[in-house]
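1. after the sequence you'll find the predicted model.
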Amino acid sequence: MKRTKEQSRKRIHHRIRKNIKGTAERPRLSVYRSNKSIYCQVIDDTKGHTLAFASSIQIKGAGMDQAVAVGKEIAEKALAAGVKNVVFDRGGYLYHGRVKALADSAREGGLQF
């Protein structure tokens, strides 16, 4: 039986998550992208708490513009929550396109990873 793209992405994501853990000192910046929107959250895995969240639902524009805006927004919210260093979890997606644009704008906003 052939795997779908979603099944392949989930296998890759599980393989990545074996090695990435978000701690209180260095939480995890998790990214999820759908066809229309992009979402990200800063997570402390030891407590299971989301420290900051941003999405492109309320942002006008499309594609790369939304990803850049979400990256800046998550950086602002994370810095307001006292988080400067994060571990980047690309969610099984290729580090290309919208995922890369979000990561680059979060770095420009002040997050370090």
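-> In hand now; what should we look at? Numbering: from 1, shown residues only.

2. elements contacting the longest helix anywhere in the chain?
-> In the chain, taking DSSP state H as the definition, the longest helix is helix 64-80. In this structure, helix 64-80 makes packing contacts with strand 38-44, strand 49-55, helix 98-108, judged by 3 or more C-beta pairs under 8 Å, 6 or more residues apart in numbering; DSSP states H and E. From N, CA and C alone the C-beta is placed, and that goes for glycine too.

3. using TSV, lay out these together with mean pLDDT and distance to Gly71.
-> TSV is the format used below for the helices and strands packed on helix 64-80 (pLDDT from 0 to 100; distance: least, C-beta to C-beta, whole Å):
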stretch	mean pLDDT	distance to Gly71
strand 38-44	97	8
strand 49-55	96	8
helix 98-108	97	3
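
4. tell me which of the ones you listed is the most buried.
-> Highest mean neighbour count of the helices and strands packed on helix 64-80: strand 38-44, a mean of 22 (counted as mean count of other C-beta atoms under 10 Å).

5. what comes into contact with that strand?
-> 22-24, 27-33, 49-56, 66-67, 70-71, 74, 77-78, 81, 83, 86, 98-99, 102, 106 (C-beta atoms under 8 Å, 6 or more residues apart in numbering).

6. now do that strand against strand 49-55, angle only.
-> Angle of strand 38-44 versus strand 49-55, following axes from the mean of the first three to the mean of the last three C-alpha atoms, to 10 degrees, is 160 degrees.

7. partner strands of strand 38-44, with direction?
-> Here strand 38-44 is paired, per DSSP bridges, with strand 28-33 (antiparallel), strand 49-55 (antiparallel).
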